[in-house]
Structure formats: structure tokens, C-alpha cells
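*Asks:* fold the stuff below for me.
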Amino acid sequence: QLQLVESGGGLVQPGGSLRLSCTASGFTLDYYAIGWFRQVSGKEREGISCISSGGDRTNYADAVKGRFTISRDYAKNTVYLQMNSLKPEDTAVYYCAGNDKWLDSCPTWPPREDDFWGQGTQVTVSS
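*Replies:* The predicted model follows:
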């Protein structure tokens, strides 16, 4: 079963930055669209950004547009989420997921059987 690993979360002050990483062990991410999601306990998971397998298409949720940037490094087999101008409302567990099919609707990402996910990384924005 394909599995992703997120890292880079932590505690940051409002206005600060973090860069999250999404990597894969034992397989290449080259052929997969990757999405970033976040979830606050008791709330629905929210899709926030996605990138196509070729890196030529990216989408963002309105809540993060202009502050977050998704990118991928094929040599490092990693997809990044650069988060700037962080706000307390960005506090959540952040997850990445992959699928070999791009969705024009992403980051709205209806669950599909062949999705694969990571375990998440906590981001806390607080003074």
C-alpha cells in the first residue's frame, strides 16, 4: 500500500512561515497528483492546494490563495507546501494525499478508492 509521510509542522507565531514536506518511501511521486489538506478536530477535512503530476497545474482554496505555494521537487521525490503569513485559523493537522488522476475540481477532492494518504503533521499558529 502506498504511503506518504508529512513533515515540517510545528508551532509558529502569527505572520510566520512554515514549509511542509510530503515524501514517499519506496515509490516515486512523479506520476501522481498530490493534494494538501487540513483538518481541525471536530470539523471536516478541507482541501487547500493541489499540484498535477507534471507540476504544470496548481490550485488553491480561497482561504490560502496568495499565502501558500505548492511545488514539487522530482529529484527529492517531495512535494512542498510553503505557508507564509500564517494566521491562527491555519492551525490544523495537515495531510497530503496522492492519486494518479488529476481532478479539475481540486483541492476539492472527493474520496477515491485509489487515494493514498499520509499520517499528518500538526501546525499550530499562536503567539
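*Asks:* give me the phi and psi for the closest residue to Asn77 other than its chain neighbours.
*Replies:* Among residues not flanking Asn77 along the chain, Leu29 sits closest, at 5.5 Å (C-beta to C-beta, 6 or more residues apart in numbering). No exception for glycine: its C-beta is placed from N, CA and C like everyone else's. Backbone torsions of Leu29, given as degrees, to the nearest 10, read phi -90, psi 0.
*Asks:* does Leu29 touch Arg72 like I think?
*Replies:* Yes. Contact criterion C-beta atoms under 8 Å: Leu29 and Arg72 qualify, at 7.2 Å.
*Asks:* anything in contact with each of these two?
*Replies:* Thr78, Val79 (C-beta atoms under 8 Å, 6 or more residues apart in numbering).
*Asks:* what pairs with the helix or strand hosting Ile34, parallel or antiparallel?
*Replies:* Under the criterion of DSSP states H and E, Ile34 resides in strand 33-39. Strand pairing for strand 33-39, determined by DSSP bridges: strand 46-51 (antiparallel), strand 92-99 (antiparallel).
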